[in-house]
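Student: Got a sequence here, can you build the structure:
(4 chains)
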2 protein chains.
Amino acid sequence: MSESVSPPPVRLLLCDDHAVVRAGLRALLSSADGIDVVGEAGTGEEALALAARLCPDVVLMDLQLEGGMDGVTATRRLTEGPEAGPRVLVLTMFDTDADITRAIEAGATGYLLKAERPDELFAAIRAAAAGRTALSAPVADRLLTRLRSPRPTLSAREHEILAQLARGLGNREIARALFISEATVKTHLGRIYGKLGVETRSGAVAVAKERRLLP
Amino acid sequence: MSESVSPPPVRLLLCDDHAVVRAGLRALLSSADGIDVVGEAGTGEEALALAARLCPDVVLMDLQLEGGMDGVTATRRLTEGPEAGPRVLVLTMFDTDADITRAIEAGATGYLLKAERPDELFAAIRAAAAGRTALSAPVADRLLTRLRSPRPTLSAREHEILAQLARGLGNREIARALFISEATVKTHLGRIYGKLGVETRSGAVAVAKERRLLP
DNA sequence: GACCGCATCAACCGATCGGCTGACATCCGG
DNA sequence: CCGGATGTCAGCCGATCGGTTGATGCGGTC
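Tutor: Residues are numbered from 1 along each chain as shown, chains lettered A, B, ... in the order given. The predicted structure is shown next:
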């Protein structure tokens, strides 16, 4: 090695809406070499404010946040903009296609599952600080599967239809809600069924909730 | 006080399917006086086996467990039986009516949210060890609200119907799946609609997913 | 300009759903 | 022993759904 002294520690900001989990992570990470937890946030807004003030190298972000801003939005806000923001490492419970996609599109440097072993977490944080991507094995799997057989994505209009559907509305009511004719609603529904691989409205709602296509 | 020496520490068993959270909790609790983490389990089955071997005073149980046995079942198994088993303190993310009810029915001594402050967690663990009940404030709120205006609860059979409904099955298919007649399915569905306050199957699925009445 | 995806609409038809009434058996607690 | 809750089943009917075919207009892209 050309380095004789240890490199500066990674400055880390925690963002998770569960205080217990946050405290647990802080306690856990304090035992890891080269990682300094410089702050914790319980909401997306707090994370943005603290990041601006503390200039951490890495933000460890949970995607599921209570209240206003969700983790994806917070990630986007942290990484957008011209100046070099912090790297965002997503740490979450779910390896859903939609979650992974949105997080990566939002600028996340890595995507880890909470089911991962703790030393993987340490390694991923250091990797993220160096700008390298870190993915949990199941996440990487899903990405590759996706690339092999690209999933049809719902159009914006189809999402709106789906949202109304999930409220239990009938075709006529959906039509009125969106200012279109009943016939159009049926056309959209047919396409949605096709894309989601279902045959009924209930099935569509179930799949939509499953893949978190709806708020 | 009549005690001049500190009481024996609480022997605690962790059960959570996320390794990172588990490690975090262990690290966090190691800083608390009078609490000894004697083991961790990642599944319900593991929790039962370890509890039998380690005889912990308290099991800290997550309700959402991957794989076979869910947290409610594990709790029931731990607390049922004639001999004095461990106290089970539920630590979970959701303060849903259904979750709370089922956990308490299964024999949980307390119900804490992961959003709680860490020192509340410490206090709750000591309370549970002493056999006292510990509830997070939002949980207690919900229980009281429930008592004031009792919600209609779905019967076991209605839950099964709902589960099939959420798979997108038609009445005939649900009937075949549950070995009953189509007429019966319709009868159940009608009652489910009434209890959930909806008028369509899609609405029922949406509400069910909302209230986490389904796995 | 031709092509294609997306959104829009119409009309039709068979299958299914939702609501209704009424019935019977079981089980449990007062 | 009787009521209440639950689970089971039947028949009826209007409303709705799901699928189909076919058509129009609009915005991009090659």
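
Student: going forward, measure contacts between C-alpha atoms and count neighbours the same way
Tutor: Will do.

Student: need the contact list for residue A:21.
Tutor: B:21, B:24-25, B:114-115 (Cα atoms under 8 Å, 6 or more residues apart in numbering or on different chains).

Student: Residue A:89 belongs to a strand, doesn't it?
Tutor: Yes. Counting by DSSP: H, G, I helix; E, B strand; the rest coil, residue A:89 is found in a strand.

Student: now it: how far from residue A:114?
Tutor: 12 Å (Cα to Cα, to the nearest Å).

Student: in chain A, what spans have low per-residue confidence?
Tutor: Applying pLDDT under 70 to chain A flags the ranges A:1-6, A:82, A:145-152, A:215.

Student: got the residues of it near chain B?
Tutor: Listed as neighbours of chain B in chain A under the rule Cα under 8 Å from any Cα of the partner chain: A:17-21, A:23-28, A:93, A:114-118, A:121, A:165-169, A:198-206, A:209.

Student: From residue B:109, how far off is the closest residue to residue A:94 other than its chain neighbours?
Tutor: Spatial nearest neighbour of residue A:94, excluding adjacent residues (Cα to Cα, 6 or more residues apart in numbering or on different chains): residue A:113 at 6.9 Å. According to Cα to Cα, residue A:113 stands 30 Å off from residue B:109.

Student: which of those two has more neighbours?
Tutor: In this view residue A:113 and residue B:109 are compared by other Cα atoms under 10 Å in any protein chain shown, and residue B:109 has more residues nearby, 26 against 23.

Student: before we move on, the earlier item: higher neighbour count, residue A:89 and residue A:114?
Tutor: residue A:89 (30 against 21).

Student: isn't that one right next to residue A:113, touching?
Tutor: No. Residue A:89 is not in contact with residue A:113 according to Cα atoms under 8 Å; the separation is 10.5 Å.

Student: residues near residue A:194, how many?
Tutor: Around residue A:194 there are 13 residues (other Cα under 10 Å).

Student: Any residues of chain A in contact with DNA strand C? List them.
Tutor: Within reach of DNA strand C by Cα under 7 Å from any atom of the strand, chain A has these residues: A:155-158, A:179-184, A:187-188.

Student: ranges for the strands of chain A?
Tutor: A:10-15, A:35-41, A:58-61, A:87-92, A:110-113, A:134-135 (DSSP state E).

Student: Ranking those strands by mean neighbour count, which comes first?
Tutor: strand A:58-61 (a mean of 29; mean count of other Cα atoms under 10 Å in any protein chain shown).

Student: burial measure for the residue lying closest to residue A:9 once chain neighbours are set aside, as a count.
Tutor: Nearest residue to residue A:9, sequence neighbours excluded (Cα to Cα, 6+ apart): residue A:34, at 4.1 Å. Applying other Cα under 10 Å, we find 16 residues neighbouring residue A:34.

Student: How about residue A:95?
Tutor: Residue A:95 has 17 neighbours, counted by other Cα under 10 Å.

Student: pull the longest helix from chain A.
Tutor: Assignment by DSSP state H gives helix A:182-196 as the longest helix of chain A.

Student: Which residue does chain A have closest to DNA strand C?
Tutor: Across chain A, the shortest distance to DNA strand C (Cα to the nearest atom of the strand) belongs to residue A:180, at 3.1 Å.

Student: could you pull out the helices for chain A?
Tutor: Taking DSSP H, the helices of chain A run over residues A:19-29, A:44-54, A:71-79, A:97-105, A:118-129, A:137-148, A:156-165, A:171-178, A:182-196, A:201-210.

Student: got the residues of chain A near DNA strand D?
Tutor: Counting by Cα under 7 Å from any atom of the strand, chain A sits next to DNA strand D at A:169-172, A:183, A:186-187, A:189-190, A:193, A:199-202.

Student: out of the residues you listed, which are buried?
Tutor: When these are checked for burial by 16 or more other Cα atoms under 10 Å in any protein chain shown, the buried set is A:169-171, A:186, A:189, A:199-202.

Student: any idea which of the residues you listed is closest to residue A:56?
Tutor: Distance to residue A:56, by Cα to Cα, is smallest for residue A:202 among those, at 45.2 Å.

Student: looking at it, that closest one is touching residue B:207, isn't it?
Tutor: No. Here residue A:202 does not reach residue B:207: they are 11.5 Å apart, not a contact under Cα under 8 Å.

Student: coming back round to it: so how do I select the buried members of the residues of chain A next to DNA strand C in PyMOL?
Tutor: Per 16+ other Cα under 10 Å, the buried members of the residues of chain A next to DNA strand C correspond to this PyMOL selection:
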select buried, chain A and resi 188
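
Student: now, which of the residues of chain A next to DNA strand C sits nearest DNA strand D?
Tutor: Using Cα to the nearest atom of the strand, residue A:187 is the member of the residues of chain A next to DNA strand C that sits closest to DNA strand D, with 6.0 Å.

Student: how close does the closest one sit to residue B:212?
Tutor: To residue B:212, residue A:187 is 31 Å away according to Cα to Cα.

Student: what does the domain assignment say about chain A?
Tutor: A:10-147, A:156-210 (automatic domain parsing).

Student: Just the endpoints, please. Distance across stretch A:78-97?
Tutor: Termini of stretch A:78-97 sit 22 Å apart (Cα to Cα).

Student: Just flag the most distant two among the contacts of residue A:21.
Tutor: Of all pairs drawn from those, the one with the longest distance (Cα to Cα) is B:24 and B:115, at 14.4 Å.

Student: Looking at those two, which one has more neighbours?
Tutor: The neighbour count for residue B:24 versus residue B:115, taken as other Cα under 10 Å, is higher for residue B:24 (23 against 20).
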